[in-house]
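Novice: prediction below, plus the sequence it came from.
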Amino acid sequence: MADGDGAARTTSVVEPLLVEQRRFPPSPEFREHAWVKDRTPWEEAERDFEAFWAKHAEAELTWFRKWDRVLEWNAPWAKWFIGGQLNASYNCVDRHAQSWRRTKAAIVWEGEPGDSRVLTYQDLHREVQKFANVLKSLGVQKGDRVSIYMGMVPELPIAMLACARIGAPHSVVFGGFSSDALRDRIQDAEAKVLITQDGAWRRGSIVPLKQLADKALTECPSVEKVVVVRRIGDAAEATMVEGRDYWWHELMATADPVCPAEPLDAEHPLYILYTSGTTGKPKGILHTTGGYLLGVTLTTKWVFDLKDDDYYWCTADIGWVTGHSYIVYGPLSNGATTVMYEGAPDWPEKDRYWDIVEKYRINILYTSPTFIRTAMKWGTEWPAKHDLSSLRLLGTVGEPINPEAWMWYHEHIGHGRCPIVDTWWQTETGMIMITPLPGVVTTKPGSATIPFPGVVADVVDEQGNSCPPNVGGYLVLKRPWPAMLRTFWGDPDRYVKTYWSRFPGIYFTGDGARRDEDGYFWITGRVDDVVNVAGHRLSNIEIESTLVAHPAVAEAAVIGRNDPIKGQAISAFVVLKAGYQPSEDLKHELREWVAEKISPIARPADVFFTADLPKTRSAKIMRRLLRDIAEGRVLGDTTTLTDPAVIAEIKKQYEEREAAE
Ligand code: PRX
């Protein structure tokens, strides 16, 4: 169990904050051509936020039936566009395939080995309809869940859009997750069908997705059929189970190319996406159709100032929410060209991203602070080799960006010319919530700036009172927004408890923040038991439980410590069972154990063996103290510990390691 160390964290994160003086106002040329040029949307939303969202729902989306009411809000239960009917697949595909965009590139895909594919809206329309018919032929009906465990190949968005077309909520599981993680997510969603691929390319080697899926499926009785995309071929050594498994290309060869989009209620579930929370069990965030699609459509258009002739590239993996909202649904709903890359940024060389920017003449690039810091470390010679003059806007997401990284991005990638949008949001929020609109908002390096029109964010203290300027507190959201999560799949009580119980009627984000005298938000990171490694959310408790499941481990505590590249890195403190001795081999084994059981992204950066863990007298592990040690802070009060000697011992080990490095 964790101590209630969130409060302690929020006060410690407001410590000496350097005052950032640099300001970057939009250039007159950018402003002139931007979708949003002035404060009108904020003013409209302030006057009547329901009318604001309704106006854009009408303008940006195609509805089969108009809604009767915009919002029904019985906190914390929201319904948007009640009585309205639409289909996300229709909005992302059909309406463009039936317009002048028919021959426009919808998805431009770059494979890791250098192969590529372009799907026009017409192509996408055909493929999505065919695969929707394949799903139907496998017995998938409206409301059935479909799990998807794939790498970054075009069949992934095709599969998602096919699910959306027939009203079968998809649950995409990141292809870097282990078979255990996949099993847990399939079981929770009770998926009827799994879509996977034989294997995925990663830095020239093969991730055997089908083999991993087979292992998971031994404990997933709900799954009746499996569809397998052939990406690798024989080298992936995928075996097919007769009567259960089917090759994608074989089913598609005979599929009927016509499958009209099902009119669905605005509140019909669109997808479930699992994310880490403060307990061990991943939670299934549920997003529904109308509000979500409006939120991602409007934010994509305004935040990225997306135009029809742009090549837009978001480097995220579709296995995370960023890919759902800003590779698939947001861009395609706008009729944009969305670029997808299959592989790693340093394969075959450290300039692969810049190579892609040059090759496709990318105009808008959306990536993570971790990647920017990594690219800084690799050196400016890599981007300098490429013509990046096509870029006109840059974005970041997933973690706080430090001003140095922001400035590097601005200078070495944007060449001082491109506005930067630092976008704060979460799996739960579905859409970007705090962000500059690039034609209007002056940016400050390191700040996500101000809430999107219609969004009300605040920084509050323990009692829920607004903090004065520059005082740190909890980041909360005070008004419902269309793309908000509706609940946890199968666990409504936990939904209420997690987000709405700390401050009743107000959404608690789990983040700490401060707001400066201009009302700009500065996000400082999680204040709960969630670690953010390279923009990936992991639960301390899930990693601890995994460590404790190892035969040698009696107890474990996991913290996220500051890391100059990844934002945070995982340190694990482990108490061994009697009969086991600390050793370098065992450290290695435990690190690999976590990588295998959860994912390589959860692999601890360091493992410390200790005779005991620091605990309060009520037996709660004091992670805050461990974090203080790991980050070299002066230790606060340790008098509530049962045995203060424990912490002294751990501190010594840490210092010895530091000295050795
Ligand atoms: O801590 C915040 C951080 O990422 C968390 C959400 O993680 P996830 O649901 O995986 O979604 C990531 C992509 C939207 C937040 O609670 N975070 C996200 N964006 C930012 C950020 N922290 C600081 N600045 C950001 N721009």
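Specialist: Okay, I see it. Numbering: from 1, shown residues only.

Novice: ok, now how distant is residue 344 from the ligand?
Specialist: Going from residue 344 to the ligand by Cβ to the nearest ligand atom, to the nearest Å gives 19 Å. For every residue, glycine as well, the C-beta is placed using N, CA and C.

Novice: tell me how many other residues surround that residue.
Specialist: 14 (other Cβ atoms under 10 Å).

Novice: repeat for residue 463
Specialist: Residue 463, neighbours per other Cβ under 10 Å, totals 6.

Novice: ok, and what's touching stretch 134-148?
Specialist: 156, 159-160, 162-163, 166-173, 182, 185-186, 189-196, 223-225, 227, 246, 251-252, 255, 259, 262, 264, 269, 272 (Cβ atoms under 8 Å, 6 or more residues apart in numbering).

Novice: pLDDT of that stretch, averaged?
Specialist: Averaged over stretch 134-148, pLDDT sits at 98.

Novice: for it, measure first residue to last.
Specialist: 15 Å (Cα to Cα, to the nearest Å).

Novice: next, the buried residues of it.
Specialist: 134, 135, 136, 138, 140, 144, 145, 146, 147, 148 (16 or more other Cβ atoms under 10 Å).

Novice: so the last one, which state does it fall into?
Specialist: Okay, so that is residue 148. Following DSSP: H, G, I helix; E, B strand; the rest coil, residue 148 is assigned to strand.

Novice: quick check: it vs the ligand, distance?
Specialist: On the measure of Cβ to the nearest ligand atom, residue 148 and the ligand end up 18 Å apart.

Novice: in this protein, where is pLDDT below threshold?
Specialist: Applying pLDDT under 70 to the chain picks out residues 1-18, 635-640, 661.

Novice: what parts of it come near the ligand?
Specialist: Those residues of the chain that sit near the ligand, judged by Cβ under 6 Å from any ligand atom, are 275, 321-322, 397-400, 422-427, 448, 509-511, 523, 525-526, 532, 537.

Novice: residue of the stretch 101-250 of the chain nearest the ligand, please.
Specialist: residue 174 (10.5 Å; Cβ to the nearest ligand atom).

Novice: so which of the buried residues of stretch 134-148 are in helices?
Specialist: Residues of the buried residues of stretch 134-148 located in helices (DSSP state H): 134, 135, 136.

Novice: any chance of TSV for those, columns distance to residue 595?
Specialist: Output for those, formatted as TSV (distance: Cβ to Cβ, whole Å):
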residue	distance to residue 595
134	34
135	33
136	38
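
Novice: after the strand or helix carrying residue 568 comes which helix or strand?
Specialist: Assigned by DSSP states H and E, residue 568 falls within strand 567-576. Remark: after strand 567-576, the chain's next helix or strand is helix 584-597, criterion DSSP H and E.

Novice: tell me the angle that following helix makes with strand 567-576.
Specialist: Helix 584-597 runs at 120 degrees relative to strand 567-576, counting by axes from the mean of the first three to the mean of the last three Cα atoms, to 10 degrees.

Novice: residues of helix 584-597 that come out buried?
Specialist: 586, 587, 590, 591, 593, 594, 595, 597.

Novice: partner strands of the next helix or strand after that helix, parallel or antiparallel?
Specialist: Counting by DSSP H and E, the next helix or strand C-terminal to helix 584-597 is strand 606-609. Partners of strand 606-609 in the sheet, by DSSP bridges, are strand 567-576 (parallel).

Novice: run the chain-centre distance for the partner strand.
Specialist: Centre-to-centre, strand 567-576 and its host chain are 23 Å apart (Cα atoms, centre = their mean, to the nearest Å).

Novice: list the buried residues for it?
Specialist: Here strand 567-576 shows 567, 568, 569, 570, 571, 572, 573, 574, 575, 576 as buried, counting by 16+ other Cβ under 10 Å.

Novice: surely residue 382 meets residue 355?
Specialist: No - in this structure, residue 382 is not within contact of residue 355 by Cβ atoms under 8 Å, at 9.3 Å.

Novice: what residues are up against residue 220?
Specialist: Under the criterion of Cβ under 8 Å, 6+ apart, the neighbours of residue 220 are 183, 186, 187, 191, 194.

Novice: got TSV for those residues, with neighbour count too?
Specialist: Output for the contacts of residue 220, formatted as TSV (neighbours: other Cβ atoms under 10 Å):
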residue	neighbour count
183	20
186	25
187	16
191	26
194	27
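
Novice: farthest-apart pair in those, please.
Specialist: Spanning the widest gap among those are 187 and 194, at 11.7 Å by Cβ to Cβ.

Novice: returning to that earlier point: joint contacts of residue 382 and residue 355?
Specialist: Joint contacts of residue 382 and residue 355 (Cβ under 8 Å, 6+ apart) are residue 349.

Novice: just the strands from the stretch 201-350 of the chain, written as ranges.
Specialist: With DSSP state E, counting those that start in this stretch, the ranges of strands along the stretch 201-350 of the chain come out as 205-207, 225-229, 245-247, 264-265, 269-275, 283-288, 311-314, 337-341.

Novice: for those, give me JSON lines that also has mean neighbour count and distance to residue 85.
Specialist: Compiled in JSON lines, the strands of the stretch 201-350 of the chain are given as follows (neighbours: other Cβ atoms under 10 Å; distance: least, Cβ to Cβ, whole Å):
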{"stretch": "strand 205-207", "mean neighbour count": "15", "distance to residue 85": "40"}
{"stretch": "strand 225-229", "mean neighbour count": "23", "distance to residue 85": "28"}
{"stretch": "strand 245-247", "mean neighbour count": "17", "distance to residue 85": "32"}
{"stretch": "strand 264-265", "mean neighbour count": "22", "distance to residue 85": "6"}
{"stretch": "strand 269-275", "mean neighbour count": "25", "distance to residue 85": "14"}
{"stretch": "strand 283-288", "mean neighbour count": "25", "distance to residue 85": "12"}
{"stretch": "strand 311-314", "mean neighbour count": "24", "distance to residue 85": "29"}
{"stretch": "strand 337-341", "mean neighbour count": "24", "distance to residue 85": "26"}
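
Novice: how about the residue of the stretch 151-300 of the chain found nearest the ligand, nearest residue that isn't a chain neighbour?
Specialist: Distances between the stretch 151-300 of the chain and the ligand by Cβ to the nearest ligand atom are smallest at residue 275, namely 5.2 Å. Using Cβ to Cβ, 6 or more residues apart in numbering and skipping residues adjacent in sequence, the residue nearest residue 275 is residue 427, 4.2 Å away.

Novice: and the one you found, what does it touch?
Specialist: 273, 275, 285, 320, 321, 485, 537 are the contacts of residue 427 under Cβ under 8 Å, 6+ apart.

Novice: again with residue 461
Specialist: 467, 471, 473, 474.

Novice: state the distance from it to the ligand.
Specialist: Taking Cβ to the nearest ligand atom, one finds residue 461 at 19 Å from the ligand.

Novice: give me the nearest residue to whatever residue of the stretch 201-350 of the chain ends up closest to the ligand, chain neighbours excluded.
Specialist: Among all residues of the stretch 201-350 of the chain, residue 322 sits closest to the ligand, at 4.8 Å; criterion: Cβ to the nearest ligand atom. Leaving aside its sequence neighbours, residue 322 sits nearest to residue 316 (Cβ to Cβ, 6+ apart; 3.7 Å).
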